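**Student:** fold the stuff below for me.
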Amino acid sequence: MSQRVINVKLSALDEDTDILSFHISEDDLPQINLNNATCQNDLKNVFTKLLQLAVEDDISLEFSIEDGYARGLYKDVCSEYIMDINRELREATEAIRRELSSQA
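**Tutor:** Reported below is the predicted structural model:
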């Protein structure tokens with residue numbers, strides 16, 4: 001298995017729009033509008049994509065914050081959230097790989 005790092009960046013589109021961007025590939029750059037009502041569902045969809053990738057590679061999310069981003073609450077929440085996603089990815093990946101190997 002190879003290690004694959006996916007960059008995740010918190011930024012502000014404008015005064016009212018906070019974006020969490022996942023750089024999965026050049027063709028797949030999901031951007032989650034954290035101020036939108038669909039945010040939770042959008043995050044679940046990204047997590048599903050990450051799990052699919054994790055079957056093949058070890059996935060690690062690397063969190064960064066855009067220079068000048070000033071909303072402290074989002075910084076803290078997103079940093080904690082990315083740490084949680086990394087932990088959940090490791091745990092889920094181990095379980096999925098064990099199940100796949102037991103079926104082989």
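**Student:** buried set for the top helix by length along the chain?
**Tutor:** In terms of residue count, the longest helix belonging to the chain (DSSP state H) is helix 72-103. Of the residues in helix 72-103, Tyr74, Cys78, Tyr81, Ile82, Ile85, Asn86, Leu89, Thr93 count as buried by neighbour count, 16 or more other C-beta atoms under 10 Å. Yep, even glycine has a C-beta here, placed from its N, CA and C like the rest.
**Student:** residue contacts, the last one?
**Tutor:** Read it as Thr93. Leu51, Ala54, Val55, Asp58, Ile59 (C-beta atoms under 8 Å, 6 or more residues apart in numbering).
**Student:** for Arg4, list each beta-bridge partner.
**Tutor:** In this entry, Arg4 is beta-bridged to Ile59, by DSSP bridges.
**Student:** count of residues packed around it?
**Tutor:** A total of 15 residues lie near Arg4 under the criterion other C-beta atoms under 10 Å.
**Student:** and it, what does it touch?
**Tutor:** Applying C-beta under 8 Å, 6+ apart to Arg4 gives the contacts Leu53, Asp57, Asp58, Ile59, Ser60.
**Student:** ditto for Ala95
**Tutor:** For Ala95, no residue meets the contact criterion (C-beta under 8 Å, 6+ apart).
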